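In: quick one, structure for this:
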Amino acid sequence: MNAHHILSTNFTNYEKGRDFKAIMDAYGDGIINSDGESWKLKRQLVHSLINTKEFEDHVMKVMAVKLEHTLFRVLDDCASSSEVVDIQDVLKRFMFDNICLLVLGFDPGYLRPAGLLLSTTTPTLLCGKAFDDLKEAVVYRHIVPKFLWRIQKRLDVGVEKKASRSRQILDDFIYARIETRKQELVKLGGINDDNNANDVLTRLLVTGQDKSDKFVRDTVFSLIGAGRDLISSALTWFLWLVVTHPTVEGRILHEIKLVMDVRRDDDDQDRLFFTKDELNKLVYLHAAIWETLRLYPPAPFEHKCAVEADVLPSGHGVPKGTKILFSIYSMGRMEEIWGEDCTEFKPERWISEKGNIIHVPSYKLMAFLAGPRTCTGKAIAFLQLKSMASAILWNYKFDMVEGHVVKPTPAMILLMKDGLKMRVSKRSLV
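Out: Numbering: from 1, shown residues only. Below is the predicted model:
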């Protein structure tokens with residue numbers, strides 16, 4: 001009940017706060033860092049950009065093309081060579097390209113069918129690594145005293161030096177894309193609704209001509225950071241859990257086969273991915289993804305700060321200015337919420353006797369946060385997760401590398417410390 005009180009009932013009294021904004025300064029004044037009326041206006045804007053039928057259709061189209069022409073070709077190469085591959089790295093690269101297409105209308109080619117390696121000096125690789133270095137700095141700032149990381153930032157040394165360089169790399173990348181897109185729109189006849197592009201950047205430039213480049217940068221930066229990391233993290237943990245639970249994998253494949261069996265057109269039979277209507281029929285897959293998010297939430301903690309003094313439903317007093325850190329990871333494993341089998345991977349817990357998905361209040365499972373600050377891209381993110389998970393599992397078989405130990409690394413995004421080392425083989429479609 002305390003979580004519900006903080007995140008919903010008395011939501012206005014608990015903000016991100018100045019310290020959080022300082023820690024996350026690379027995100028500027030984007031939706032992640034904002035509070036109050038500023039946050040409300042930015043959320044409304046982002047919601048209007050990504051929660052439309054047009055954008056959803058765009059997401060599915062981009063996903064289908066990227067799956068078939070990039071990810072599947074890379075996995076085919078891995079299957080042919082029988083070499084060990086780090087699936088976590090592949091998915092991070094894939095999602096960086098995918099989210100850049102959706103947000104910036106530009107494919108940086110971080111994952112390439114010809115192989116996984118790029119020159120270490122290419123802007124694409126530098127940008128991909130820059131996000132990782134910024135995440136490292138965020139964790140560091142949460143751990144060490146504030147005065148220490150601020151001194152290091154001023155002196156430009158240690159982790160702060162690397163973070164400063166990374167931010168500059170990403171700023172150069174994003175500002176260059178903003179300027180390029182502006183010029184492209186002018187050549188097309190000016191910034192107007194007739195240009196009919198569905199990426200977030202273009203729609204933002206079309207609808208927000210009074211917004212500064214800094215505002216646009218902060219908005220797209222937040223979306224790229226969240227879209228790349230959250231989905232790749234969730235899908236990595238999902239694949240590991242499914243592969244290490246053969247019964248679950250079998251049930252998912254059986255469910256997908258039932259969908260495949262109703263396809264009438266020969267052309268459809270050859271399609272390697274699934275439509276939204278088909279995805280809606282995959283109830284057990286839906287449950288398995290929720291179960292993954294319960295055990296391994298991509299964002300394992302949430303930060304709040306009390307604006308004024310308060311008393312929680314538990315009776316505990318909260319002095320003004322108190323910093324509150326939710327362990328979303330721990331909440332997903334609490335016996336009083338999930339029962340004695342709380343540490344087990346059981347998708348069945350999400351399915352009712354009638355075969356429908358059981359609704360669980362968001363303040364019990366905070367993978368997409370809860371209350372007014374629930375992730376505005378939740379529906380789009382889940383759609384992408386189901387689309388990728390179903391297509392990957394139906395077309396490929398994964399085997400763990402003997403001796404490879406999977407363990408989470410403490411970070412802003414819940415990743416596997418040493419990656420997810422697997423061998424890939426093509427699955428026989430029957």
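
In: flag the shaky bits of the stretch 101-250 of the chain, pLDDT-wise.
Out: 114-125, 190-196, 208-209 (pLDDT under 70).

In: would you list every one of the strands in it?
Out: Ranges of strands in the stretch 101-250 of the chain, per DSSP state E, counting those that start in this stretch: none exist.

In: all helices for it, in order.
Out: 123-143, 146-155, 158-187, 200-207, 213-243, 246-261 (DSSP state H, counting those that start in this stretch).

In: what's the shortest one in contact with?
Out: Yep, that's helix 200-207 we're talking about. Around helix 200-207, the neighbours that count as contacts under C-beta atoms under 8 Å, 6 or more residues apart in numbering are 45, 48-50, 55, 102-105, 177-178, 181-182, 185, 191-193, 195, 197, 211, 216, 219-220, 223. C-betas here are computed from N, CA, C, even on glycine.

In: quick check: ChimeraX command selecting the buried ones in those residues.
Out: Buried residues among those (16 or more other C-beta atoms under 10 Å), as a ChimeraX selection:
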select :45,49,50,55,102,103,104,105,177,178,181,182,185,191,197,216,219,220,223
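
In: Ala163 versus the closest residue to Pro410 other than its chain neighbours, what's the distance?
Out: Spatial nearest neighbour of Pro410, excluding adjacent residues (C-beta to C-beta, 6 or more residues apart in numbering): Val139 at 6.9 Å. Look at Val139 and Ala163: by C-beta to C-beta, to the nearest Å, they are 11 Å apart.

In: more crowded one of those two?
Out: Ala163 (25 against 16; other C-beta atoms under 10 Å).

In: quick one, what contacts the nearest residue to that one once chain neighbours are set aside?
Out: Leaving aside its sequence neighbours, Ala163 sits nearest to Ala137 (C-beta to C-beta, 6+ apart; 3.6 Å). Counting by C-beta under 8 Å, 6+ apart, Ala137 touches 26, 159-160, 162-163, 166.

In: any chance of TSV for those, columns distance to Asp97?
Out: Output for the contacts of Ala137, formatted as TSV (distance: C-beta to C-beta, whole Å):
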residue	distance to Asp97
Ala26	21
Val159	27
Glu160	29
Lys162	24
Ala163	23
Ser166	19
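
In: now, which of the residues you listed sits nearest Val85?
Out: Ser166 (25.9 Å; C-beta to C-beta).

In: give me the number of residues near the closest residue to that closest one other than its chain neighbours?
Out: The spatially closest residue to Ser166, leaving aside those adjacent along the chain, is Ala130, at 3.7 Å (C-beta to C-beta, 6+ apart). Close neighbours of Ala130, defined as other C-beta under 10 Å, add up to 23.

In: look up how far Val139 lies from Ala130.
Out: For Ala130, the distance to Val139 - C-beta to C-beta - is 15 Å.

In: again with Glu83
Out: 31 Å.

In: what do you get for Val159?
Out: For Val159 relative to Val139 (C-beta to C-beta), the value is 9 Å.

In: now do Leu272
Out: 37 Å.

In: swap in Thr343?
Out: With C-beta to C-beta as the criterion, Thr343 and Val139 are 25 Å apart.

In: next: Lys21.
Out: Applying C-beta to C-beta, the value for Lys21 to Val139 is 16 Å.

In: equivalent analysis for Phe368, please.
Out: Phe368 is 21 Å from Val139, by C-beta to C-beta.

In: what secondary structure does the nearest residue to Ser82 once chain neighbours are set aside sit in?
Out: Leaving aside its sequence neighbours, Ser82 sits nearest to Arg423 (C-beta to C-beta, 6+ apart; 6.3 Å). Arg423 falls in the strand class when you classify it by DSSP: H, G, I helix; E, B strand; the rest coil.

In: cool, and Gly315?
Out: With three-state DSSP as the criterion, Gly315 reads coil.

In: show the pLDDT at it.
Out: pLDDT recorded at Gly315 is 93.

In: next one: phi and psi at it?
Out: Dihedral pair for Gly315: phi 100, psi -10, per degrees, to the nearest 10.

In: measure it to Ala306 for me?
Out: For Gly315, the distance to Ala306 (C-beta to C-beta) stands at 16 Å.

In: what about the two, which has more around it?
Out: Set side by side, Gly315 and Ala306 show more neighbours around Ala306, with 19 against 7, by other C-beta under 10 Å.

In: how many residues are close by Val200?
Out: Around Val200 there are 24 residues (other C-beta under 10 Å).

In: for the residue nearest to Thr292 when sequence neighbours are not counted, grab the count of nearby residues.
Out: Nearest residue to Thr292, sequence neighbours excluded (C-beta to C-beta, 6+ apart): Phe238, at 4.3 Å. By other C-beta under 10 Å, 22 other residues sit near Phe238.

In: so what's Phe238 up against?
Out: Contacts of Phe238 by C-beta under 8 Å, 6+ apart are 288-289, 292, 385, 389.

In: do the same with Thr322
Out: Counting by C-beta under 8 Å, 6+ apart, Thr322 has contacts 305-306.

In: pLDDT at it, what is it?
Out: At Thr322, the pLDDT value in this model is 94.

In: one more: Thr70?
Out: Taking Thr70 on its own, its pLDDT is 92.

In: with that, I have no additional questions.
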